[in-house]
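task: produce atomic coordinates for the following.
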Amino acid sequence: MTRRPSTRRRTTRRQSRQDTHIALGVVAIAVFGLVVMVVNWLIAHWWMLLVVAVLAILGGIGWWTQRTQWAQAQAQPLRYGLAQLDALSHRQFEYVIRDLMNRDGCTDAVQVGGQGDLGADVKATDPLGRRWVIQCKHRRHGDRGAAVGTPELQVLNGTGRPVHKADVVVMVTNGKITQPGRAFARQQRLHLVDRRLLAAWAAGSRPLWELLSALPSPRKPSHLS
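Down below sits the predicted model:
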């Protein structure tokens, strides 16, 4: 024989549903009352809405302006003037040379200068597959500083190709290079970027390999060849 639910149990369930409906009704009334209060307050203080709208518009304009300026800066090629280069520290100068090589298309350009660098401050591979090793000599006083001479170039010559396996070995300075140093560089097929050539490279848009002469042949075919 099936037992029917007791009358007390049915009454309890009905009462629970009624309580739930009442609670929902109270919440709905409270929410409606809050909305009415907010609307009435906004109507009474309409000028605050105007202030908020103006601030939002100004904020949007400022954000859009900054975003546009940032996009324009990203689209412009990297350029440096000599005054900017002279003001750098030696380590910053190395990073700038790395960035200029990267700008020119050497996507693997890396700064490696530091203790035990064996004459290499920047390494890179150009779009033609040639491996570059660059030593940087920053002079705080520019062309009034000590000129780069044969001893520095001898160190670079001793490691550029034998140790670092470079195709192109370069000395870059924002200062001067002595005449004996230039003669040594020609004998040893070292490439020199002095203050004059650095100014043209850093402030222009041509890659360094278009400004240097007597470079080795490309290692791989390219649209640049």
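
domains in this structure, by residue range?
7-75, 82-211 (automatic domain parsing).

nearest residue to residue 133 other than its sequence neighbours?
Residue nearest to residue 133 in three dimensions, not counting chain neighbours: residue 166, with 3.7 Å by Cβ to Cβ, 6 or more residues apart in numbering. Heads up, the C-betas are built off the backbone N, CA and C, glycines and all.

list the contacts for the one you found?
Residues touching residue 166, when contacts are defined by Cβ atoms under 8 Å, 6 or more residues apart in numbering, comprise 123, 131, 132, 133, 160.

and which of those is nearest residue 40?
Comparing these against residue 40 with Cβ to Cβ picks out residue 123 as the nearest, at 71.0 Å.

beta partners for the closest one?
On the basis of DSSP bridges, residue 123 takes part in beta bridges with residue 110, residue 133.

against residue 91, how distant is it?
Going from residue 123 to residue 91 by Cβ to Cβ, to the nearest Å gives 16 Å.

compare these two (neighbour count), which wins?
residue 123 (22 against 14; other Cβ atoms under 10 Å).

residue contacts, that one?
Contacts here follow Cβ under 8 Å, 6+ apart; on that basis residue 123 touches 108, 109, 110, 112, 131, 132, 133, 134, 164, 166.

recalculate using a threshold of 7 Å.
Neighbouring residues of residue 123 by Cβ atoms under 7 Å, 6 or more residues apart in numbering: 110, 112, 132, 133, 164.

can you put these in TSV and add pLDDT?
Formatted as TSV, the entries for the contacts of residue 123 read as follows, by pLDDT from 0 to 100:
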residue	pLDDT
110	97
112	94
132	97
133	97
164	95
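
select only the buried ones of the residues you listed in ChimeraX?
With 16 or more other Cβ atoms under 10 Å as the criterion, this ChimeraX line picks the buried residues out of the contacts of residue 123:
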select :112,132,133,164
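
how about the contacts made by residue 145?
By Cβ under 7 Å, 6+ apart, the contact set of residue 145 is 139, 175.

so what's the backbone phi/psi at it?
Torsion angles at residue 145 (phi, psi; degrees, to the nearest 10) stand at phi -90, psi -180.

so where do the helices sit in the protein?
Defined through DSSP state H, the helices belonging to the chain, from first to last, are 7-44, 46-75, 82-86, 90-103, 150-160, 179-188, 195-203, 208-211.

wait, residue 170 touches residue 193, no?
Yes. At 6.1 Å, residue 170 counts as touching residue 193 under the criterion of Cβ atoms under 7 Å.

for this structure, which spans come out with low pLDDT?
1-11, 13-14, 49, 63-76, 220-225 (pLDDT under 70).

burial of residue 150, as a residue count?
Under the neighbour criterion other Cβ under 10 Å, residue 150 is assigned a count of 17.

then residue 152?
The number of residues packed around residue 152, counting by other Cβ under 10 Å, is 19.

now do the contacts for it.
Going by Cβ under 7 Å, 6+ apart, residue 152 touches residue 137.

now it: how far from residue 30?
On the measure of Cβ to Cβ, residue 152 and residue 30 end up 82 Å apart.

circling back to that earlier point, would JSON lines of the helices of the chain with distance to residue 138 be doable?
As requested, these are exported to JSON lines (distance: least, Cβ to Cβ, whole Å):
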{"stretch": "helix 7-44", "distance to residue 138": "63"}
{"stretch": "helix 46-75", "distance to residue 138": "25"}
{"stretch": "helix 82-86", "distance to residue 138": "8"}
{"stretch": "helix 90-103", "distance to residue 138": "4"}
{"stretch": "helix 150-160", "distance to residue 138": "12"}
{"stretch": "helix 179-188", "distance to residue 138": "16"}
{"stretch": "helix 195-203", "distance to residue 138": "11"}
{"stretch": "helix 208-211", "distance to residue 138": "17"}
